[in-house]
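[1] give me a model of this one.
(one chain, ligands or ions: 3)
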Amino acid sequence: MWCHRLSHLQSRLQNLLRRGVTCWAFQQLNFKSLFPLAIHWHHTASESLNCAWQQHEDHFELQYANTVMRFDYVWLRDHCRSASCYNSKTHQRSLDTASVDLCIKPKTIRLDETTLFFTWPDGHVTKYDLDWLVRNSYEGQKQKVIQPRILWNAEIYQRAQVPSVDFQSFLETNEGLKNFLQNFLLYGIAFVENVPPTQEHTEKLAERVSLIRETIYGRMWYFTSDFSRGDTAYTKLALDRHTDTTYFQEPCGIQVFHCLKHEGTGGRTLLVDGFYAAEQVLQKAPEEFELLTKVPLKHEYIENVGECHNHMIGVGPVLNIYPWNKELYLIRYNNYDRAVINTVPYDVVHRWYTAHRTLTVELRRPENEFWVKLKPGRVLFIDNWRVLHGRESFTGYRQLCGCYLTRDDVLNTARLLGLQA
Ligand SMILES: C[N+](C)(C)CCCC[C@H](N)C(=O)O
Ligand SMILES: O=C(O)CCC(=O)C(=O)O
Ligand SMILES: [Fe+2]
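    Ligands and ions are numbered 1, 2, ... in the order given. Presented below is the predicted three-dimensional model:
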């Protein structure tokens with residue numbers, strides 16, 4: 001049964017149509033007039049609202065704000081925001097979802113102004129504002145991205161002239177921090193200038209944005225090419241583009257780099273937007289993109305150097321997307337640390353290598369490479385879930401300090417400043 005919040009009289013509807021109510025209401029009427037008994041029109045005071053609803057056997061259908069939405073009845077009962085079901089002080093559910101009958105159906109449904117009222121068999125009433133339903137429906141979410149981003153190659157990034165934020169304004173003003181975070185969220189990289197070149201100041205900077213994620217490398221790390229750890233990062237060799245800590249079940253969210261000293265040549269940092277490359281794969285070979293989101297892989301860190309003994313394993317696909325809107329949120333790409341592939345049969349393995357090659361070709365296009373020379377005073381933040389980094393080989397003495405940050409806490413800071421993240 002379709003229930004429109006227009007008039008229950010045809011003449012009244014025509015009256016409304018003259019005043020500009022959209023066509024589908026008219027079409028619905030034509031269709032429904034074939035079954036006059038099935039029509040149940042609801043009259044409400046405000047006529048300008050373009051809304052209709054229908055109570056189906058197993059779900060509730062709502063048309064509002066140009067969106068067709070379908071809601072499960074258990075869902076509608078479960079999300080009740082009444083005082084007995086939801087604590088609005090703590091923003092927590094008090095209702096025990098397991099106490100809801102899985103076959104529950106509302107006894108009555110009524111629309112008053114912009115509020116829908118569901119009365120359940122036990123008499124409990126749940127109210128939903130139409131806008132709340134649009135914001136919180138699957139159909140509404142499906143059309144939205146969780147995080148807006150600007151995908152870039154070297155030219156796009158350089159043309160954008162993204163400003164660096166000054167150390168002082170970053171530390172002392174919300175405006176400075178917000179500008180920094182906005183750029184970081186959009187591009188996946190951001191710089192802070194005029195930072196005193198010490199580990200302590202770098203730490204202060206990091207703590208302003210997030211919590212430092214302590215790992216097997218320590219809290220703040222400080223490294224040179226002394227091979228003090230069992231990893232190529234601790235040498236003078238070039239490092240091809242990669243993301244870090246792919247061998248953690250949850251790779252570190254953000255990486256902070258501050259070059260404190262370099263007396264020598266080479267050692268430039270390479271940055272590549274992994275999401276830009278993935279987007280090219282999606283355009284050119286969608287089935288390969290999909291395979292990269294589906295095949296689980298292991299990455300591994302095995303270390304036995306001096307006192308350091310570690311064996312870390314992380315599992316996950318190269319590309320991670322949200323299933324409801326297909327938005328990419330994490331790329332795990334490190335050919336050095338990728339472990340033996342033993343999680344997929346041979347024919348899938350071959351298709352996976354093909355897809356991995358397509359992605360690698362995109363990642364290696366010279367036009368996608370953004371090179372920077374890190375200097376004392378200029379701190380680089382990298383979104384390690386999106387932007388790959390690498391480095392050129394170097395000579396001489398080079399000291400890099402930095403840390404990893406927890407992603408949840410960076411996003412928390414961003415949201416508190418009013419940014420979408
Ligand atoms: C940054 N820091 C020097 C501490 C660690 C380097 C980790 C290197 C490792 N192969 C990876 O990609 O995760
Ligand atoms: O030395 C560098 O510039 C970066 C090395 C690296 O990839 C890392 O430390 O994660
Ligand atoms: Fe790295």
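
[2] list the contacts of stretch 239-246.
    For stretch 239-246, the surrounding residues in contact (C-beta atoms under 8 Å, 6 or more residues apart in numbering) are 215, 232-233, 251-252, 255, 270, 272, 274, 299, 314, 331-338, 363-364, 384-385, 388-391, 404. For every residue, glycine as well, the C-beta is placed using N, CA and C.

[3] quick one: contacts for the residue lying closest to Gly253 once chain neighbours are set aside?
    Closest residue in space to Gly253, ignoring its immediate chain neighbours: Arg407 at 2.4 Å, by C-beta to C-beta, 6 or more residues apart in numbering. Contact partners of Arg407, counting by C-beta under 8 Å, 6+ apart, are Ser210, Cys252, Gly253, Ile254, Trp385.

[4] following the helix-or-strand element of the chain with minimal mean pLDDT, which helix or strand shows up next?
    None of the helices or strands of the chain scores lower by mean pLDDT, DSSP states H and E than helix 23-32, at a mean of 36. Going down the chain from helix 23-32, the next helix or strand is strand 51-55, by DSSP states H and E.

[5] burial count for Asp347?
    If you count neighbours by other C-beta atoms under 10 Å, Asp347 ends up with 8.

[6] no no, Gln249
    Counted with other C-beta under 10 Å, residues neighbouring Gln249 total 10.

[7] pretty sure it contacts Gly314?
    Yes - in this structure, Gln249 is within contact of Gly314 by C-beta atoms under 8 Å, at 5.1 Å.

[8] quick one on the thing from earlier: now the contacts of Arg407 as a markdown table including distance to ligand 1 and secondary structure?
    Shown next, in a markdown table, are the contacts of Arg407 (distance: C-beta to the nearest ligand atom, whole Å; DSSP: H, G, I helix; E, B strand; the rest coil):
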| residue | distance to ligand 1 | secondary structure |
| --- | --- | --- |
| Ser210 | 16 | coil |
| Cys252 | 8 | coil |
| Gly253 | 13 | coil |
| Ile254 | 12 | strand |
| Trp385 | 13 | coil |
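
[9] which of those residues sits closest to Asp347?
    Closest to Asp347 out of the contacts of Arg407 is Trp385 (30.0 Å), distances taken as C-beta to C-beta.

[10] how about the nearest residue to that closest one, chain neighbours excluded?
    Setting aside the residues directly before and after it, Trp385 is nearest to Leu330 in space (C-beta to C-beta, 6+ apart), at 4.4 Å.

[11] wait, doesn't Phe370 sit right on Tyr276?
    No - judged on C-beta under 8 Å, Phe370 makes no contact with Tyr276 at a distance of 10.5 Å.

[12] residues shared between the contacts of those two?
    Trp152, Asn153.

[13] which residues of the stretch 301-421 of the chain lie near ligand 1?
    Asn334, Tyr336, Asp337 (C-beta under 6 Å from any ligand atom).

[14] buried ones among the residues you listed?
    Asn334, Asp337 (16 or more other C-beta atoms under 10 Å).

[15] same list, the residues of the stretch 301-421 of the chain next to ligand 1, but as CSV with pLDDT please.
    Converted to CSV, those look like this (pLDDT from 0 to 100):
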residue, pLDDT
Asn334, 98
Tyr336, 98
Asp337, 98
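
[16] that older thread, out of the contacts of stretch 239-246, which sit inside strands?
    Mapping those onto strands (DSSP state E) picks out Gln255, Leu270, Val272, His299, Gly314, Ile331, Leu388, His389, Gly390, Arg391, Tyr404.

[17] between those residues, which is closest to ligand 2?
    Comparing those against ligand 2 with C-beta to the nearest ligand atom picks out Arg391 as the nearest, at 3.7 Å.

[18] check what pLDDT that closest one gets.
    Note on Arg391: pLDDT of 98.

[19] excluding chain neighbours, give the residue nearest to it in space.
    Leu239 (4.9 Å).

[20] phi, psi for that neighbour please.
    Phi and psi for Leu239, reported as degrees, to the nearest 10, are phi -130, psi 120.

[21] okay, now it: neighbour count?
    Leu239 has 18 nearby residues by other C-beta under 10 Å.

[22] near ligand 2, which residues of the chain?
    Residues of the chain lying near ligand 2 (C-beta under 6 Å from any ligand atom): Ala233, Leu239, Asp244, Thr269, His389, Arg391, Leu400.

[23] ok, and the most crowded of the residues you listed?
    Arg391 (22 neighbours).

[24] just want the phi and psi numbers for the residue of the stretch 51-200 of the chain found nearest ligand 1.
    Going by C-beta to the nearest ligand atom, ligand 1 is nearest to Gln199 of the stretch 51-200 of the chain, at 12.9 Å. The phi/psi pair for Gln199 (degrees, to the nearest 10) reads phi -70, psi -40.

[25] which pLDDT value belongs to the residue of the stretch 151-300 of the chain found nearest ligand 2?
    Nearest to ligand 2 in the stretch 151-300 of the chain, going by C-beta to the nearest ligand atom, is Ala233, at a distance of 3.9 Å. Looking at Ala233, its pLDDT reads 96.

[26] does it touch Phe223 like I think?
    Yes - between Ala233 and Phe223 there is a contact under C-beta under 8 Å: 6.8 Å.

[27] joint contacts of the two?
    Overlap of the contact sets of Ala233 and Phe223 (by C-beta under 8 Å, 6+ apart) is empty.

[28] wait, what's in contact with the closest residue to Thr265 other than its chain neighbours?
    In this structure, Thr265 finds its nearest non-sequential neighbour in Thr395, 4.9 Å apart by C-beta to C-beta, 6+ apart. Contact partners of Thr395, counting by C-beta under 8 Å, 6+ apart, are Lys236, Gly264, Thr265, Gly266.

[29] near Glu101, how many other residues are there?
    Wrong residue type there; residue 101 is Asp, not Glu. Neighbour tally, Asp101, other C-beta under 10 Å: 12.

[30] isn't there a strand covering it?
    No - secondary structure of Asp101 (DSSP: H, G, I helix; E, B strand; the rest coil): coil, not part of a strand.

[31] so who does it touch?
    Each residue near Asp101 by C-beta under 8 Å, 6+ apart is listed here: Pro121.
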